[in-house]
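Visitor: kindly return the folded structure for what I paste below:
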Amino acid sequence: MIRKITKQDKETYIKLASEFYKTDAVLHDIPGEHFEATFQELMRSEEYAAAYIMEYEGKVAGYALLAKTFSQEAGGVVWWIEELYVLEQYRSVGIGREFFDFLENTKDESVKRIRLEVEDYNTRAIALYKKMGFEPLEYIQMIKE
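Guide: All right, here's what the predicted structure looks like:
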């Protein structure tokens with residue numbers, strides 16, 4: 001089951017996000033106050049971000065965090081899957097596929113693109129994303145902090 005995050009999920013969200021940032025799926029850990037700030041923004045509105053808790057057989061199995069932007073290139077809203085974390089014991093049971101189906105079934109006509117990042121060694125995730133219709137981008141992304 002995929003459900004929207006609630007105020008009652010704060011401890012669960014921060015625990016899962018902290019775990020995610022200690023995995024090799026990300027380049028570096030982030031300060032704990034970033035998790036708190038993100039949770040506060042999620043509770044404030046859905047203007048810029050949305051988060052979901054994924055459950056399997058009544059137990060928390062992971063979470064997903066979306067960032068929302070408007071893209072002239074896409075001609076509308078882009079949902080950027082910032083984080084998609086499924087606990088190890090729940091991988092390969094269909095939760096990822098369920099999440100992508102959930103996104104497809106809940107987006108409205110304003111959402112023109114769904115985007116994500118993946119490390120090149122994460123072949124299981126890449127295989128899933130390709131099955132779900134994602135294609136690699138052929139350019140380099142750059143960042144300034």
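
Visitor: hmm, Asp119 is touching Thr23, no?
Guide: Heads up, residue 119 is Glu, not Asp. No: counting by CB atoms under 8 Å, Glu119 stays clear of Thr23, with 9.9 Å between them. Every C-beta, even on glycine, is put in place using the N, C-alpha and C of the backbone.

Visitor: and the strands in this protein, which stretches?
Guide: Ranges of strands in the chain, per DSSP state E, are 2-4, 49-56, 59-71, 76-86, 111-116.

Visitor: counting by contacts, list what the first one packs against.
Guide: This means strand 2-4. Packing partners of strand 2-4 (3 or more CB pairs under 8 Å, 6 or more residues apart in numbering; DSSP states H and E): strand 49-56, helix 95-106.

Visitor: wait, which of these is closest to Lys112?
Guide: Closest of the helices and strands packed on strand 2-4 to Lys112 is helix 95-106, at 13.0 Å (criterion: CB to CB).

Visitor: tell me which other helices or strands the closest one touches.
Guide: Judged by 3+ CB pairs under 8 Å, 6+ apart, the packing partners of helix 95-106 are strand 2-4, strand 49-56, strand 59-71, strand 76-86, helix 123-131.

Visitor: turn the ones you listed into a markdown table, columns for mean pLDDT and distance to Gln40.
Guide: What follows is those, written out as a markdown table (pLDDT from 0 to 100; distance: least, CB to CB, whole Å):
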| stretch | mean pLDDT | distance to Gln40 |
| --- | --- | --- |
| strand 2-4 | 97 | 16 |
| strand 49-56 | 98 | 11 |
| strand 59-71 | 97 | 14 |
| strand 76-86 | 96 | 16 |
| helix 123-131 | 91 | 29 |
